[in-house]
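Chemist: only geometry, no sequence info:
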């Protein structure tokens, strides 16, 4: 598979795929800047009015930012210190560690990959795969959320921060954080008490159980409904005569009409999302049918979802791509996190009680 190199590096490889577009260059010059982690933390925290002492705990939001999505208007928002014992599909729980809403995806089988004759070679064969239950972030991690992580841990700043804080392109508080490598994303997830999703978890959260092409269904009807942020007429790379409202990463949750069956937002477009798996083109052929994971090792990590700089084919739920884990210099890559659940015994006990 052909790949594009991260700007300014001969060793860091960014995402690329035949037939779709990578952002390649930012809307303006984006040469890297070397600054200390402490200075980066102070800069970002000052912009958001956050404390910078190690161990600072993030404030919990006073109310959930996004209403129950159209895909599940009856979703319950839980505000407990630990996840609820018996949630229903699409329920929301606000993780007290990072203050971020998470969506419940129940255990069960879903269709993974694409049928023969559709999609790319690495999406085959399509199979019914079982996954245990899990919680997944409702949206991508934002700059504001990443800033709280930096303030608490002293972790290095995103690649673009020193030059561009408060630029509309990448660094507004409610935009998804970009310019982060796989290790950065994994470090945030660990701090928040979570982990990065497997690509199977990511795909189920995006498409549900019926094998749909996009989170909202099978039709690319973005001309009639603003469903996602992609390479539209506003993008410098765009060739589609549709206005999605943004020419750069959009504030998370800007497209409720693009919600997945469980109510996850921004899973098509906006920014690519790191997954925990190593990438291999033939993963699906030999993968187990229960809680599959990628290879034990590799050179590239899986990324999913497409971005504001890519067109429709890259935004399909089944599209797989990859990037060099250390790459921090691409402007359309971010992440979201998951929290695995083992609620089988509790549900079995509830069902047994109901039968009596």
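Modeler: It's in. Quick caveat: nothing in here was measured; it's all calculated off a predicted structure.

Chemist: Please make it C-alpha for all contacts and neighbour counts, starting now.
Modeler: Will do.

Chemist: show me where the stretch 1-150 of the chain has helices.
Modeler: 37-48, 143-153 (DSSP state H, counting those that start in this stretch).

Chemist: least reliable of these going by mean pLDDT?
Modeler: Per-stretch mean pLDDT for the helices of the stretch 1-150 of the chain is lowest at helix 37-48 (a mean of 40).

Chemist: tally of neighbours for residue 282?
Modeler: By other C-alpha atoms under 10 Å, 15 other residues sit near residue 282.

Chemist: contacting residues around the nearest residue to it once chain neighbours are set aside?
Modeler: Once flanking residues are discounted, residue 282 sits nearest to residue 122: 5.9 Å by C-alpha to C-alpha, 6 or more residues apart in numbering. Residue 122 makes contact with 281-284, 320 under the criterion C-alpha atoms under 8 Å, 6 or more residues apart in numbering.

Chemist: State the distance from residue 122 to residue 285.
Modeler: Distance, residue 122 to residue 285, by C-alpha to C-alpha, to the nearest Å: 9 Å.

Chemist: Could you do residue 140 as well?
Modeler: Distance from residue 140 to residue 285, counting by C-alpha to C-alpha: 30 Å.

Chemist: Neighbour count: those two, which is higher?
Modeler: Set residue 140 next to residue 285 and count neighbours by other C-alpha under 10 Å: residue 140 wins out with 28 against 13.

Chemist: Could you measure from the closest residue to that one other than its chain neighbours over to residue 116?
Modeler: Excluding the flanking residues, the one nearest residue 140 by C-alpha to C-alpha, 6+ apart is residue 336, at 4.7 Å. Noted for residue 336: a distance of 30 Å to residue 116, by C-alpha to C-alpha.

Chemist: swap in residue 274?
Modeler: To residue 116, residue 274 is 26 Å away according to C-alpha to C-alpha.

Chemist: neighbour-wise, which of the two wins?
Modeler: residue 274 (31 against 12).

Chemist: could you give the mean pLDDT of the helix or strand harbouring the more buried one?
Modeler: Under the criterion of DSSP states H and E, residue 274 resides in strand 272-278. Mean pLDDT, strand 272-278: 98.

Chemist: Run a quick neighbour tally on residue 221.
Modeler: 11.

Chemist: And the pLDDT at it?
Modeler: Looking at residue 221, the pLDDT reads 84.

Chemist: Can you tell me how far it is from residue 158?
Modeler: For residue 221, the distance to residue 158 equals 34 Å [C-alpha to C-alpha].

Chemist: And residue 298, by the same measure?
Modeler: Here the criterion is C-alpha to C-alpha. By it, residue 298 lies 24 Å from residue 158.

Chemist: Okay, and the beta partners of residue 303?
Modeler: residue 274, residue 321 (DSSP bridges).

Chemist: oh sorry, the question was meant for residue 77
Modeler: With DSSP bridges as the rule, residue 77 is bridged to residue 92.

Chemist: List the residues that contact it.
Modeler: Shown in contact with residue 77 (C-alpha under 8 Å, 6+ apart): 64, 91-94.

Chemist: From residue 124, how far off is it?
Modeler: Distance from residue 77 to residue 124, by C-alpha to C-alpha: 37 Å.

Chemist: need the contact list for residue 81.
Modeler: Contacts for residue 81 were tallied using C-alpha under 8 Å, 6+ apart; they are 95-96.

Chemist: State the distance from it to residue 98.
Modeler: In terms of C-alpha to C-alpha, residue 81 sits 12 Å off from residue 98.

Chemist: can you check residue 223 too?
Modeler: For residue 223, the distance to residue 98 - C-alpha to C-alpha - is 35 Å.

Chemist: Comparing these two, which shows the higher neighbour count?
Modeler: Applying other C-alpha under 10 Å to residue 223 and residue 98 shows that residue 98 carries more neighbours, namely 22 against 12.

Chemist: Spatially, which residue comes closest to that one, not counting chain neighbours?
Modeler: residue 192 (5.8 Å).

Chemist: number of nearby residues for the one you found?
Modeler: The burial count for residue 192: 19, using other C-alpha under 10 Å.

Chemist: just checking, it touches residue 100?
Modeler: No - with contact defined as C-alpha atoms under 8 Å, residue 192 does not reach residue 100; the gap is 9.4 Å.

Chemist: So, low pLDDT: which residues of the chain?
Modeler: 1-72, 162-168, 232-246, 343-356 (pLDDT under 70).
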